[in-house]
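Student: The sequence and its predicted three-dimensional model are supplied below.
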Amino acid sequence: MTMPTQLTRRAVAAGALAAAVALATGGASAQNRPIEIQMWMGLTGLGGETLVKYGEEFNRMQNEYKVTVSFKGQYPEQRAAAIAAFRAGNPPHIMQMFDAGSGDMMGAKNAIVPVSEVFKRAGLAFNPGDFIAPARGYYGLKDGSLLSMPFNVSTAVLFYNKDAFKKAGLDPNKPPATWPELQKAAQTIRARNAANCGFTTTWLAWIQLEQFGARHNLPLGTQSNGRGGLDSELTFASNPAFVKQVQMLIDMQKDKSFDYKGRSNDASASFQNGECAMITQSSGAMGAYTRDAKFDWGVAPLPYWPDVKGAPYATTVGGASLWVFNAPNRTQAELLGVAKFLDYLRSTPVMIDWAKTTGFLPATNAAFKYLTDEGYYAQNPRAAVAISTLVNGKQGEHTGGYRYGRWTEIRDFYHEEVEKALQGRQTAKEALENAQRRGNAALRAFEKTAVATN
Amino acid sequence: MGGQVDTRSNWLPHLILLIGVFITAFPLWVTFVASTLTPREIAQTPMQMWPGPELWRNYSQALTQGSRGTYLSPPAMTLLFNSLVVALVVTFGKIVVSLLSAFAVVFFKFPGRMFCFWMIFITLMLPVEVRILPTYKVVTDLNLLNSYTGLTLPLIASATATLLFRQFFLTIPDELVEAAKIDGAGPMRFFKDVVVPLSRTNIAALFVILFIYGWNQYLWPLLITTSNSLDVIVVAIKKMIGTGAEPTDWHIVMSTTMLALLPPVLVIILMQKSFVKGLTDTEK
Amino acid sequence: MQRRVVFNDKLLPYLLLAPQLAVTLVFFFWPAGQAIQMSVLSQDPFGQSVTFVGLENFREVLADPDYVASFWRTLFFSAMVAVLALVPALVFAVMAERVIRGAGFYRTILVLPYAIAPAVAGVLWLFMFSPSVGIVAYWLKKLGVDWNPKLDGTDAMALVILAAAWKQISYNFLFFLAGLQSIPRALLEAASIDGASEWKKFWTITFPLLSPTTFFLLVVNIVYAFFDTFGIIDAVTSGGPAKATEVLVYKVYYDGVHALNLGSSSAQSVILMAIVIVLTAIQFRYVERKVHY
């Protein structure tokens, strides 16, 4: 059964409503005003402020289009709002969507216009090869074209408090490279009372599951992590390395050498205020720590288990990309404006400014090359860590990321089950098995409803 | 109240009531104190229990700039304005709409009267909490997301207020209606000159209850606004806390919280009589 | 039900009713119908593929261990909130009846939480109990309690129960006070003459005579805990950790708005509507009686 058209019902309801109250809604638009381009973003703080600034700069450069960049809530809320707006026929032109939401977006065949297609229809040159390889792989199709435009690219790294290291008698210039080393350092920090908690993590699933998988070249599921087809099954629970990692967190939680501080970015504050001496975190937090942390800190690549064959591999791309929405009422002129603004955002000066201001990674090869040549990374070794683990790390079959629908929900399954394990209500193995079982159920439901693009 | 109270029981009630006052007031006191401290003083454990010198600075930052942390909140001035619009439109809207419909149900005889009455009555059984998604969908279909209309209109229908007015109207003496008819006054004239003035205390009582109801709306605005310039203050406070790229600006959150709870608290204190009447009447 | 003398007008009553009926139809009946319709459909978030699945969504919801767990959790939460909001309120009301000096002050302070939005009440308690900055969390740590509502489900549940009960005490207090004031003085005085202790008077006279009020408040408190605590839970725990505070209403919201699982969320809405209808029926059956009494 398919739904009858929304329009008739909407018209009926609108009539009923008009009868209820005669409330005038403004919005008469003059003819020669610039064309409005709406962009929704999910960034706050420094990143958000900077992105808004780019919108304003673009508006000053030309007067055909007026771009409005607005914050609509964190990524999940923003996505829900954008989907509602899409169903109402009026989505934003451009939406910034975080990595985990990519699978859902790709499943929505008619809802989006692939970004390669946007540039093509606008008649602007666009070469996906301009973007750094890991991002290209993550957001691209097999034919090399891009579905969304990588923008704020990040990866997972380890931040550590050098002052706390010194206080604990550890070498502040020798951060732990492996998980066993990290565990030992954290225990020393606790034993010498150099901080209230040795180590914490933000983005539990993203770092301890997704990035962890890439770092050890271990698959999360079949069909090349879901990139090969919607019928992919999650398999991580049967892999002892994932179990060992959760077990390590459980063991460390007991003596506070690891302290769980909540989902998403909740733990960030406890590194920033000195409570936790180490944190695995998105490299995008660099800007905030540079500005606000009142102690000496360093950055190290994401730790790995030396006993996993071939490790360490590269980490994978995180952050967000820009998606272009499709809607029945969109004009060619609007599309052209969208393409021009995206073109501006990916231009080398903007990319360089973005990377320097926020600590996100440059998304294009040209910007990366410029920053390298300029000596930026030589002068800012802390900023060099993330990009080099991402780009120069060893690539493997499973370092290129995953593509799953309903992944935000599946991440929460992982969070919930691991939280239960940290509370001592189940074992590490049970936690991963439950997360996997629930995740697979969600994937099967997604498979049923999704219309795949590839 | 009992005139002779023996000495033994005299201190005990006071003690217990003081405990009650402590339980009630302590969270408010902590909030107020935190709203007068610097972020650093707040982060100090244990936080001091006496106000600091930052009252002016925190409140003016909250009012004119808002939180810069996890959520780019508009200044509290905007938030207060939005809350005020929602509270007042919902309050007056509900009162007017309910007065009219109760008047129709009580003072007229017409086919379908009971049917209409029951249709209104049954809405008591459909709080927004149980129809979150479909109502959201309806508002989306009507293109009312992110508008004051969408924020207020769906909240205007109220079975409670209609029932209250209906009950009160039933007590208006028939003689008054007859007198009006003899004078040749039409129903609307009667409504304006007799019904509304007689309902004054009921309206005041409802005003208090409905103002608090409107001001404290949470789930509805949370659902239907995605533009933060339309956020109401209660929703904005929640968004300022927790998940995001930066630590929570507790000093701003706490001063915004004080600003958010002040208007309804003042209404209760200043209109205590109406409040008690409103509360007990609407629940009958 | 009907007045003896009425106005005669064919059109006017309908016009007067129109605004209320229009809003009711558009925002109550239409969504309720949509909930029922969506509950038998399976669709992707973008609404591009929609299939009729009959009662499949209901079957899935009721077979889902998470849903069943959420149901029992909701009952536990409601019972705890009701008890913690009713008992202190009754004690305070009985005490407030006995004092003369300061009565106005006590009453004013005790009713304040009624004015505070549930979400704001949640924020107040969240702040006091925040492991990093909260003053109460600090005391708890001093006492050797390992307080961590971000990780420990019991801690999180305790926190939302306390915040929810704190807010509801005001309401219960006022109703108990009104109930106490309607107890005939003569009865209590007669008991005093017979030499009954305060304690005995309370259990043999006051409490039984208050029972209609108590029962009424019990229903109101359960309805409150079921539906009006959404803001508290969203602000304090967002249903976590590990769903430890996810009550039914929160689950409808999360599954629908965040997980975008439209079919399941709608089926849950329909189930909740059935629950509300039962609760309202109980409430009104009782209220009818109270009106006659």
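Tutor: The structure has been received and is ready for your questions. Numbers count the residues shown, from 1 in each chain, chains lettered A, B, ... in the order given.
Student: where does the chain have low pLDDT?
Tutor: Since no chain was named, I'll use chain A. Counting by pLDDT under 70, chain A shows low-confidence ranges at A:1-32, A:450-454.
Student: you looked at the wrong chain, it should be chain C
Tutor: Short version for chain C, where the test is pLDDT under 70: C:1-2, C:286-293.
Student: where do the strands sit along it?
Tutor: Applying DSSP state E to chain C gives strands spanning C:41-43, C:50-52.
Student: Direction included, what does the last one pair up with?
Tutor: Each strand pairing with strand C:50-52, determined using DSSP bridges, is listed with its direction: strand C:41-43 (antiparallel).
Student: The strand it pairs with: how far from the chain's middle?
Tutor: 31 Å (Cα atoms, centre = their mean, to the nearest Å).
Student: Other residues contacting it?
Tutor: A:1, A:448-449, C:49-53, C:56-57, C:262-263, C:266 (Cβ atoms under 8 Å, 6 or more residues apart in numbering or on different chains). Just so you know, the C-beta spots here come from the backbone N, C-alpha and C atoms, and that holds for glycine as well.
Student: Pull out the buried members of those.
Tutor: For the contacts of strand C:41-43, a burial check counting by 16 or more other Cβ atoms under 10 Å in any protein chain shown picks out A:Thr449, C:Ser49, C:Val50, C:Val53, C:Glu56, C:Asn57, C:Leu262, C:Gly263, C:Ser266.
Student: Check which residues of the helix or strand A:Ala164 falls within are buried.
Tutor: Assigning secondary structure by DSSP states H and E places A:Ala164 in helix A:162-167. For helix A:162-167, the neighbour count (16+ other Cβ under 10 Å) marks A:Lys162, A:Asp163, A:Ala164, A:Phe165, A:Lys167 as buried.
Student: What is the neighbour count of C:Ile193?
Tutor: 8 (other Cβ atoms under 10 Å in any protein chain shown).
Student: Quickly note the distance from it to C:Lys200.
Tutor: 13 Å (Cβ to Cβ, to the nearest Å).
Student: List the contacts of B:Thr24.
Tutor: C:Ile109, C:Leu110, C:Leu112, C:Pro113, C:Trp166, C:Ile169, C:Ser170.
Student: Settle this for me: the first one is touching B:Phe22, isn't it.
Tutor: No: in terms of Cβ atoms under 8 Å, C:Ile109 does not count as a neighbour of B:Phe22; the distance is 9.5 Å.
Student: Between these two, point out the one with more neighbours.
Tutor: Each of C:Ile109 and B:Phe22 has its neighbours counted (other Cβ under 10 Å); C:Ile109 has more, 20 against 11.
Student: how close does the more buried one get to C:Phe173?
Tutor: Counting by Cβ to Cβ, the gap from C:Ile109 to C:Phe173 is 11 Å.
Student: just A:Tyr414 next, same as before
Tutor: 44 Å.
Student: Point me to the residue of the stretch 351-454 of chain A nearest chain B.
Tutor: A:Thr358 (9.6 Å; Cβ to the nearest Cβ).
Student: What of the stretch 101-250 of chain A?
Tutor: For the stretch 101-250 of chain A, Cβ to the nearest Cβ, closest residue to chain B: A:Thr202, 9.6 Å.
Student: ok so, going back, is it possible to export the buried residues of helix A:162-167 to a markdown table including distance to chain C?
Tutor: Listed next are those as a markdown table, based on distance: Cβ to the nearest Cβ, whole Å:
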| residue | distance to chain C |
| --- | --- |
| A:Lys162 | 22 |
| A:Asp163 | 19 |
| A:Ala164 | 17 |
| A:Phe165 | 22 |
| A:Lys167 | 20 |
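Student: Closest one to A:Asp259 out of those, please.
Tutor: A:Ala164 (13.7 Å; Cβ to Cβ).
Student: Write out the residues of the stretch 251-400 of chain A neighbouring chain B.
Tutor: For the stretch 251-400 of chain A, the contact set with chain B under Cβ under 8 Å from any Cβ of the partner chain comprises A:262-266, A:268-269, A:272-273, A:284-285, A:288, A:292.
Student: now, the most widely separated pair of the residues you listed?
Tutor: A:Arg263 and A:Asp292 (21.3 Å).
Student: ok, the two, which is more surrounded?
Tutor: Using other Cβ under 10 Å, the more surrounded residue of A:Arg263 and A:Asp292 is A:Arg263, with 22 against 14.
Student: Phi, psi for that one please.
Tutor: phi -80, psi -180 (degrees, to the nearest 10).
Student: mind checking how far it is from chain C?
Tutor: To chain C, A:Arg263 is 7 Å away according to Cβ to the nearest Cβ, to the nearest Å.
Student: so the most centrally placed residue in chain A is in which element?
Tutor: Nearest to the geometric centre of chain A sits A:Gly319, at 2.8 Å (Cα atoms, centre = their mean). When elements are assigned from DSSP H and E, A:Gly319 belongs to strand A:318-325.
Student: so how far is that strand from its chain's centroid?
Tutor: Using Cα atoms, centre = their mean, the offset of strand A:318-325 from its chain centre is 9 Å.
Student: Also stretch C:146-154?
Tutor: 24 Å.
Student: Dump it to PDB, restricted to CA.
Tutor: Presented in PDB, the C-alpha positions along stretch C:146-154 are these (Å, rounded to 0.1, in the frame of the first residue of the first chain):
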ATOM      1  CA  ASP C 146      30.200   6.200  44.900                       C
ATOM      2  CA  TRP C 147      27.800   8.600  43.300                       C
ATOM      3  CA  ASN C 148      27.700   8.500  39.400                       C
ATOM      4  CA  PRO C 149      24.300   8.900  37.800                       C
ATOM      5  CA  LYS C 150      26.000   9.000  34.400                       C
ATOM      6  CA  LEU C 151      26.900   5.300  34.800                       C
ATOM      7  CA  ASP C 152      24.900   3.900  37.600                       C
ATOM      8  CA  GLY C 153      21.200   3.300  36.600                       C
ATOM      9  CA  THR C 154      20.100   3.200  40.300                       C
END
